[in-house]
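K.L.:
Just a sequence and a predicted model for now, questions to come.
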Amino acid sequence: MKRTLFTSLAFFGLLFGISSCQHHEAPAPAAAVLRTATYTYAFNRGQLGEGTAYQGNHATNMTAVLTIEELGENRCRVKMLLNHAIEGTTYLVHAHDAANQETTPNNTPYLESPNEAVLSLAITGVGHSHGSSGHRVAHITAKGEQESPFGFDYLTQWYAGFLVVHDPLQPLSTTNLQSYLVVNKFAR
């Protein structure tokens, strides 16, 4: 009897062990690693060549930070931050597709209409101050973001275009590089 009971318990234990191990669920796939790239741009001091340096009344300490965040499904978030902006002033920020300047109407190295799918923002300077001992330091930034229907690799490796920050203190021009606060290759 003891032997039958022992055999029965061993059999049920083995059966239970086998049945509980027969169904294995595959581990969930790892979440996609989404990428981010950040590019910092200096003020336009003529980086694109002779005769392109900024001419105007805006402070020359502005910098721009472009961030591209991969969202998946061949889409990105394109973010723009301007440092040392003028409080309450709206800046137009665009991507312009590169072009052969010999074939553009005004001999610009880009198409004069912005590529709104890549980047087209109107962002306003907002200030904050900090400091102590009676010394206040104001820092004014302008920032904005938009979704782009282009993938991360396309924007960061293959898109041929220019980032342009227009001077809000001058009439809008898409042909006068000397009126651009920031102008340089997009995402490079």
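P.N.:
Arrived safely.

K.L.:
Distance check, the closest residue to residue 173 other than its chain neighbours against residue 167.
P.N.:
In space, and not counting its chain neighbours, residue 173 is closest to residue 179: 5.0 Å by Cβ to Cβ, 6 or more residues apart in numbering. Any C-beta I mention is one placed from the backbone N, CA and C, and that applies to glycine too. Shown here: residue 179 relative to residue 167, a distance of 5 Å by Cβ to Cβ, to the nearest Å.

K.L.:
of those two, who's got more company?
P.N.:
Neighbour tally, residue 179 and residue 167, criterion other Cβ atoms under 10 Å: the higher count belongs to residue 167, 24 against 21.

K.L.:
Tell me where this structure has helices.
P.N.:
Chain-ordered helices for the chain, with DSSP state H as the definition, fall at 2-21, 152-153.

K.L.:
Now the weakest link among the ones you listed, please, by mean pLDDT.
P.N.:
When the helices of the chain are compared on mean pLDDT, helix 2-21 scores lowest, with a mean of 47.

K.L.:
on that earlier part again, so what's in contact with residue 179 and residue 167 at the same time?
P.N.:
Residues touching both residue 179 and residue 167 by Cβ atoms under 8 Å, 6 or more residues apart in numbering: 54, 56.

K.L.:
Tell me the predicted confidence for residue 28.
P.N.:
With respect to pLDDT, residue 28 has a value of 59.

K.L.:
Next: residue 101.
P.N.:
pLDDT, the model's per-residue confidence, is 89 for residue 101.

K.L.:
List the residues that contact it.
P.N.:
Going by Cβ under 8 Å, 6+ apart, residue 101 touches 107-109.

K.L.:
Stretch 93-102: which residues count as buried?
P.N.:
Residues 93-99 are the ones in stretch 93-102 that count as buried (16 or more other Cβ atoms under 10 Å).
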